[in-house]
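A.B. asks: test case, fold it:
(chains A and B)
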Amino acid sequence: METLLQQIINGLVVGSMYALVALGYTMVYGILGLINFAHGDILMIGALVALQAITFAQHTWPHLGALPTLAFGLVVAVPVSMLMGYVIERAAYRRLRNAPRLAPLITAIGVSFLLQTIAMIVWGRNYYSFPQLISTTPLQPVKGVYIAPVQIVILIVSAVLMAALIVLVNKTRIGRAMRATAENHRIASLMGVDANAIISLTFVIGSGLAAIAGVMIASNYGIAHSTMGTLPGLKAFTAAVLGGIGNLGGAMLGGILLGLVESIGAGYIEQFSFGFFNSSYQDIFAFVILGVVLVFRPTGLLGERVADRA
Amino acid sequence: MPPDVSTPMLELKNLHVAYGQIQAVKGIDIALHTGELVSLIGANGAGKTTTLNAIAGTLPIASGDLIYDGARINNLPAHLRVHRGLALVPEGRGIFTRLTVEENLRMGAYVRHHRSERAQIEIDMQRVFEMLPRVKERLKQVAGTLSGGEQQMLAIGRALLSRPRLLLLDEPSMGLAPLFVEKIFEVVQSIVREGVTVLLVEQNANLALKFSQRAYVMDGGCITLSGTGEALLHDPKVRSAYLGEVNAE
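C.D. replies: Residues are numbered from 1 along each chain as shown, chains lettered A, B, ... in the order given. Next comes the predicted model:
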């Protein structure tokens, strides 16, 4: 029982990080019909820029304290990543808006390589230890069940960000314009909406969320490097497809579910495969789910429209 | 109010519009004066919708001039034209089917985002409800569930919420039951009475000509005839080509 409870906690933590990244995929897909495969690398840029800023702060203001230092890292990393998302859309995707679907998809993969290469040039190929400014020493709220303060913070921050996004999209004038543009760019422009600005905004918000997720992942695992975005990126994409790509609630649900399946699966896989597999096979679950969903329910759990475009 | 003949509100001068290599509008001249209801009639594929889309800015102009309020707006993006009081109710209505009825209406008022406008927007919403009596109890419903006629009414109401000075209507009666067609024309007349200038594209030439002060007949991307609605209604060529009379003589 403790094992299950423990895996659920771990799953929620990992899942909420997937959900934050999945939101970026699903928002961009919803408005452009594009799978932005460079999204995972924005997460990596966010983490490495934050690392750079935190290191700077630690040297310059050694008495700043852990939380303000982390906050400084975020204050630098989030706008840098947002700017990056804006520039990528502007420079790479916008001119392909009316191109065949395959062109922007391949471009997205190219942008992903580009970001990784830029990161390698700037930071090298080293694995950096990421300062764990929020304690990772587990607390034991129930006997045999552990949760670290950093995990609690991840859960709370993710929940707040997702709630804020839901309010923005569903309750504000800008959010209404985002949904209108997602349904039809041309008709939205007939309402006076600057569709290009709305699309830019979508990239900016998604990139900001990815940067925060990147800092969470780096803080949780204590490590950052130039390819750290690839796997979480693919899993978040899986989460978005699982929930129904283009659907915000779906991305949140898909992220949490994927985190839970992965974590519970990893907890029991050894037992159920009679020792043949062990918990290091946990990544398998995401891709099995992706395959199963694409075969049996390509619209995902909450999606209505068939994802008929590349 | 008598139409102001001195300065046209909208002027198309030798306007050409093309889809790639295909010329859809081949140099047309149209002028609209403040307060007028002018219709543009013609067969399918004559270039009427293309003309409206070019005026609204969703299609680029190949050559010629588009002058609105004395300014050349050939290259003004579509969304900025709405800010200047130009609204299009597109062919096929263009309702946001996944947004609620209320959200569709609020999208119409998107350009009026200043705080001082809020109270007036609510008043304007009430007036749209009077125009569309059955809309009020369905505000929270997704707009895709409305019938074709209701969607057309919603589309017109939505366009009015931007407070246009020039309203372009593309086939508002298309595919609607006769009762709705009548109602749409009533609404169009009341819009004109309030001082909004209207350019109407219609398949139902008979009704369009009856209600319009002036009209243009389009064929193959060119204007072939123009005159008062009354005169065109009795023109033998128009009668045989567009009003379904086998032979006028």
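
A.B. asks: for the residue nearest to B:Leu200 when sequence neighbours are not counted, what are phi and psi?
C.D. replies: Leaving aside its sequence neighbours, B:Leu200 sits nearest to B:Ser39 (C-beta to C-beta, 6 or more residues apart in numbering or on different chains; 4.3 Å). To be clear about C-beta, it is placed using only N, CA and C from the backbone, and glycine gets the same treatment. Taking degrees, to the nearest 10, you get phi -120, psi 160 for the backbone angles of B:Ser39.

A.B. asks: hmm, B:Val201 and B:Ser39 touching each other?
C.D. replies: Yes: at 7.1 Å, B:Ser39 counts as touching B:Val201 under the criterion of C-beta atoms under 8 Å.

A.B. asks: neighbour count: those two, which is higher?
C.D. replies: Set B:Ser39 next to B:Val201 and count neighbours by other C-beta atoms under 10 Å in any protein chain shown: B:Ser39 wins out with 27 against 24.

A.B. asks: from B:Lys237, how far out is that one?
C.D. replies: To B:Lys237, B:Ser39 is 16 Å away according to C-beta to C-beta, to the nearest Å.

A.B. asks: enumerate every residue touching B:Leu225.
C.D. replies: B:Tyr216, B:Val217, B:Leu232, B:Asp235, B:Lys237, B:Val238 (C-beta atoms under 8 Å, 6 or more residues apart in numbering or on different chains).

A.B. asks: helix, strand or coil: sort out it for me.
C.D. replies: The three-state assignment at B:Leu225 reads strand, by DSSP: H, G, I helix; E, B strand; the rest coil.

A.B. asks: tell me the pLDDT at it?
C.D. replies: As predicted, B:Leu225 sits at a pLDDT of 92.

A.B. asks: turn the contacts of B:Leu225 into TSV, including distance to B:Gln151, pLDDT and neighbour count.
C.D. replies: Shown next, in TSV, are the contacts of B:Leu225 (distance: C-beta to C-beta, whole Å; pLDDT from 0 to 100; neighbours: other C-beta atoms under 10 Å in any protein chain shown):
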residue	distance to B:Gln151	pLDDT	neighbour count
B:Tyr216	27	95	25
B:Val217	28	94	25
B:Leu232	30	91	25
B:Asp235	34	88	18
B:Lys237	35	85	12
B:Val238	30	86	23
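
A.B. asks: helices along the chain, start to end?
C.D. replies: In the absence of a named chain, this looks at chain A. Counting by DSSP state H, chain A has these helices, from start to end: A:2-32, A:39-60, A:66-88, A:102-123, A:149-171, A:173-183, A:185-190, A:195-221, A:230-243, A:248-272, A:283-296.

A.B. asks: hmm, I had chain B in mind actually
C.D. replies: All helices of chain B, identified by DSSP H, fall at B:48-56, B:78-83, B:101-108, B:118-131, B:148-160, B:178-193, B:205-211, B:229-233, B:236-242.

A.B. asks: tell me which of those helices lies nearest to chain A.
C.D. replies: Closest approach to chain A among the helices of chain B (C-beta to the nearest C-beta): helix B:78-83, 3.5 Å.

A.B. asks: export the closest one as PDB, just CAs?
C.D. replies: Output of helix B:78-83 as PDB, limited to C-alpha atoms (Å, rounded to 0.1, in the frame of the first residue of the first chain):
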ATOM      1  CA  ALA B  78      -7.900  42.900 -42.500                       C
ATOM      2  CA  HIS B  79      -8.000  43.300 -38.700                       C
ATOM      3  CA  LEU B  80      -7.100  47.000 -38.900                       C
ATOM      4  CA  ARG B  81      -9.900  47.600 -41.400                       C
ATOM      5  CA  VAL B  82     -12.400  46.400 -38.700                       C
ATOM      6  CA  HIS B  83     -10.900  49.000 -36.400                       C
END
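
A.B. asks: so what touches that helix?
C.D. replies: Applying C-beta under 8 Å, 6+ apart, the external contacts of helix B:78-83 come out as A:186, A:189-195, B:56-58, B:68, B:73, B:110-111, B:162, B:164.

A.B. asks: flag every buried residue along that helix.
C.D. replies: For helix B:78-83, burial by neighbour count (16 or more other C-beta atoms under 10 Å in any protein chain shown) applies to B:Ala78, B:His79, B:Arg81, B:Val82.

A.B. asks: and if you look at stretch B:141-159?
C.D. replies: Applying 16+ other C-beta under 10 Å to stretch B:141-159 flags B:143, B:146, B:149-159 as buried.

A.B. asks: number of nearby residues for the residue of the stretch 151-300 of chain A found nearest chain B?
C.D. replies: For the stretch 151-300 of chain A, the residue closest to chain B is A:Gly192, as judged by C-beta to the nearest C-beta, at 3.5 Å. Counted by other C-beta under 10 Å, the residues lying close to A:Gly192 total 24.

A.B. asks: could you do the one 10 residues further on as well?
C.D. replies: One way to gauge burial is a neighbour count; for A:Thr202, by other C-beta under 10 Å, it gives 22.

A.B. asks: and it, how far from A:Ala177?
C.D. replies: 11 Å.

A.B. asks: flag every buried residue along stretch A:226-237.
C.D. replies: For stretch A:226-237, using 16+ other C-beta under 10 Å, the buried residues are A:Ser226, A:Met228, A:Gly229, A:Thr230, A:Pro232, A:Gly233, A:Leu234, A:Lys235, A:Ala236, A:Phe237.

A.B. asks: neighbouring contacts of that stretch?
C.D. replies: A:17-22, A:24-25, A:35, A:37, A:39-45, A:47-48, A:112, A:115-116, A:119-120, A:123-125, A:213-214, A:217-218, A:255, A:258, A:262, A:283, A:286-287, A:290.

A.B. asks: let's see 7 Å
C.D. replies: Outside stretch A:226-237, the residues that touch it by C-beta atoms under 7 Å, 6 or more residues apart in numbering or on different chains are A:18, A:21-22, A:25, A:35, A:39-41, A:43-44, A:47, A:116, A:119-120, A:123, A:125, A:217, A:255, A:258, A:283, A:286.

A.B. asks: do the same with stretch B:104-122
C.D. replies: A:173, A:176-177, A:180, A:191-193, B:82-83, B:95-96, B:99, B:125, B:128, B:143, B:154, B:157-159, B:161-163.

A.B. asks: repeat that for 6 Å
C.D. replies: Contact with stretch B:104-122 is made by A:Ala180, A:Met191, A:Gly192, A:Val193, B:Val82, B:His83, B:Phe96, B:Ala143, B:Leu154, B:Arg158, B:Leu161, B:Ser162, as judged by C-beta atoms under 6 Å, 6 or more residues apart in numbering or on different chains.
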